[in-house]
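A.B. asks: fold the following, please.
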Amino acid sequence: MERLAESVAELRQTFKSGKTRSVGWRKNQLKALSELVRDNEEKFFEALYQDLGKHPVEAYRDEIGVVVKSVDCALSCVEKWAASKKASLPLLFFPSRAEVIPEPFGVVLIFGSWNFPISLVLDPLIGAISAGNAAILKPSDLAPACSYLLANLIPQYLDRNAVKVIEGGVDVSQQLLQQKWDKIFFTGSPSVGRIVMAAAAQHLTPVTLELGGKCPAIVDTISKTYDMKVTMKRIVGGKWGPCSGQACIGIDYLLVEEKFASFLIDSLQKILRRFYGENPRESKSICRIINNHHFMRLKSLMKDPLVADSIVHGGSFDEEKLFIEPTILLNPPLDSELMTGEIFGPLLPIITLNNIQESIEFINSRPKPLAIYAFTGDESFKKQIVAETSSGCVVFNDTMVQFICDTLPFGGVGQSGFGRYHGKYSFDTFSHEKSVLHRGFFPELEPRYPPWNDFKLKFIKLAYSFKYLELLLLLLGFKK
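C.D. replies: As a prediction, this is how the structure comes out:
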């Protein structure tokens with residue numbers, strides 16, 4: 001605990017010196033972070049394979065490339081983001097001027113997640129540095145190779161007096177939460193998010209919680225053969241492609257009309273064989289389950305006899321290799337744990353409906369998801385989904401791609417979290433927008449002061465209603 005307190009105190013001293021507020025310092029740190037990732041690409045590939053079995057292509061797509069893209073964006077924009085912005089003022093304030101100045105929070109704490117153990121640590125850090133903060137990073141101990149690599153590389157490239165990595169398990173996380181922070185950024189499960197939020201409340205620390213939830217994909221009837229083939233590839237990619245389903249924005253379940261279910265299952269099976277071969281456990285393109293605890297959790301979801309009876313594809317597993325075959329289930333019980341909790345694994349339930357319009361009511365009867373995916377060409381149905389559901393985001397006719405778009409905010413709503421980041425939104429998340437109003441000493445409006453009378457009441461009412469002509473007439477005595 002003493003060492004943690006010393007680390008936090010050192011960061012506070014660094015921030016207090018004003019060093020991190022300099023745009024030059026921010027750009028130098030961003031350049032160093034870019035070099036760190038590019039110089040050590042192969043080391044990151046190796047660590048990601050050790051922890052999760054990620055193929056280098058998947059590792060670059062979901063981790064390394066994400067960081068490179070984000071840091072390049074920040075480097076090209078940080079001067080603009082950090083500049084003060086002129087604010088407009090009502091005529092009543094004439095002659096005055098105002099500006100909004102983004103200022104860093106101070107010393108921030110960033111908790112990473114094990115499923116994307118590089119990008120979900122470094123991507124928020126880009127926002128923290130861009131905004132001029134000092135930071136402590138806590139990588140997930142469930143991805144030890146990546147945690148070790150970050151802890152060893154970051155001091156070699158970044159300012160060690162302003163950015164530190166603290167490794168450890170639950171006990172270390174608890175000790176970190178006992179410290180006073182100026183901002184906490186957490187990526188993980190809703191259950192742990194509640195713990196983080198409760199701890200932050202002790203110091204009234206603002207938090208950003210990037211959580212999860214059951215992200216549905218609505219599959220409407222699509223007439224064109226090519227569009228249907230693309231749909232199937234994107235569904236498989238959005239379910240099993242990111243970390244074997246261990247992704248907060250991955251598809252959790254499908255909603256489809258009953259008459260379309262058998263065709264959907266056949267089509268998905270074909271794409272699965274195309275992507276992962278006849279024997280997926282031999283494929284090098286699919287990740288393993290992170291550890292034995294999560295393996296047994298997923299295995300137990302299939303133990304329920306009614307759930308097991310709903311399996312229409314897959315269902316095999318290899319405990320030694322922590323492998324679970326991509327599995328499709330048709331209409332498992334809605335009150336089963338499979339359908340009430342976030343799956344976070346390679347199991348895909350398909351829920352059939354009489355009419356695809358019922359999907360909106362189905363989604364609304366459950367906690368708000370981080371993402372809703374919908375494959376449809378029906379423009380009126382698209383409008384209905386946007387207007388009648390609530391989620392962190394909506395994506396039509398694709399999956400996952402919203403995560404890599406720096407011009408869109410990424411974040412949840414309700415149980416799927418709150419706060420947002422990516423691109424300029426990352427900078428905003430780690431900044432406080434301070435308003436600055438510049439006033440002179442003339443004119444002095446006496447009606448703002450006591451003693452009160454009817455004239456002053458009329459004056460204030462007109463001022464607040466922006467009726468400036470009537471206000472002027474009142475002051476000149478032409479209006480009573």
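A.B. asks: list the buried ones in stretch 318-327?
C.D. replies: Across stretch 318-327, burial judged by 16 or more other CB atoms under 10 Å covers 322, 323, 324, 325, 326, 327. For glycine as for every other residue, the C-beta is placed from the backbone atoms N, C-alpha and C.
A.B. asks: starting at the chain centroid, how far to it?
C.D. replies: Here stretch 318-327 shows a centroid-to-chain-centroid distance of 28 Å under the convention CA atoms, centre = their mean, to the nearest Å.
A.B. asks: same check on stretch 94-102?
C.D. replies: 32 Å.
A.B. asks: do stretch 215-226 as well
C.D. replies: The answer for stretch 215-226 is 26 Å, by CA atoms, centre = their mean.
A.B. asks: from the buried residues of stretch 318-327, which land in strands?
C.D. replies: 323, 324, 327 (DSSP state E).
A.B. asks: do I have it right that the second one meets residue 295?
C.D. replies: So the one you mean is residue 324. Yes - between residue 324 and residue 295 there is a contact under CB atoms under 8 Å: 7.0 Å.
A.B. asks: identify the contacts common to those two.
C.D. replies: Common contact partners of residue 324 and residue 295 (CB atoms under 8 Å, 6 or more residues apart in numbering): 289, 317.
A.B. asks: picking that back up, return the member of the ones in strands among the buried residues of stretch 318-327 nearest to residue 472.
C.D. replies: Relative to residue 472, the closest of these is residue 327; by CB to CB it sits at 74.3 Å.
A.B. asks: how deep is the closest residue to that closest one other than its chain neighbours tucked in, by neighbour count?
C.D. replies: Nearest non-adjacent residue to residue 327, counting by CB to CB, 6 or more residues apart in numbering: residue 314, 3.5 Å away. Under the neighbour criterion other CB atoms under 10 Å, residue 314 is assigned a count of 19.
A.B. asks: can you point out the buried residues in stretch 432-449?
C.D. replies: residue 447.
A.B. asks: tell me the buried residues in stretch 59-76?
C.D. replies: 59-71, 73-75.
A.B. asks: show me the two of the residues you listed that sit farthest apart.
C.D. replies: Pairwise over these, using CB to CB, the maximum falls at 59 and 75, 22.6 Å.
A.B. asks: list the contacts for the nearest residue to residue 20 once chain neighbours are set aside?
C.D. replies: Excluding the flanking residues, the one nearest residue 20 by CB to CB, 6+ apart is residue 132, at 4.9 Å. By CB under 8 Å, 6+ apart, the residues touching residue 132 are 20, 21, 22, 25, 26, 82, 103, 104, 431.
A.B. asks: inside strands: which ones of those residues?
C.D. replies: Using DSSP E, the contacts of residue 132 in strands are 103, 104, 431.
A.B. asks: just to revisit the earlier point, how close does the residue nearest to residue 327 sit to residue 94?
C.D. replies: 70 Å (CB to CB, to the nearest Å).
A.B. asks: kindly report the same for residue 212.
C.D. replies: For residue 212 relative to residue 94 (CB to CB), the value is 51 Å.
A.B. asks: neighbour-wise, which of the two wins?
C.D. replies: Neighbours per residue (other CB under 10 Å) separate residue 212 from residue 94, with residue 212 holding more: 27 against 10.
A.B. asks: coming back round to it: turn the contacts of residue 132 into CSV, including distance to residue 247 and pLDDT.
C.D. replies: Formatted as CSV, the contacts of residue 132 follow (distance: CB to CB, whole Å; pLDDT from 0 to 100):
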residue, distance to residue 247, pLDDT
20, 32, 98
21, 36, 97
22, 37, 97
25, 34, 98
26, 30, 98
82, 32, 98
103, 34, 98
104, 30, 98
431, 28, 98
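A.B. asks: returning to what we had before: quick one: the residue nearest to residue 327 and residue 308 touch, right?
C.D. replies: No - using CB under 8 Å, residue 314 is not in contact with residue 308, being 11.8 Å away.
A.B. asks: okay, buried residues for stretch 347-356 please.
C.D. replies: By neighbour count on 16+ other CB under 10 Å, the buried set for stretch 347-356 is 347, 348, 349, 350, 351, 352, 353, 356.
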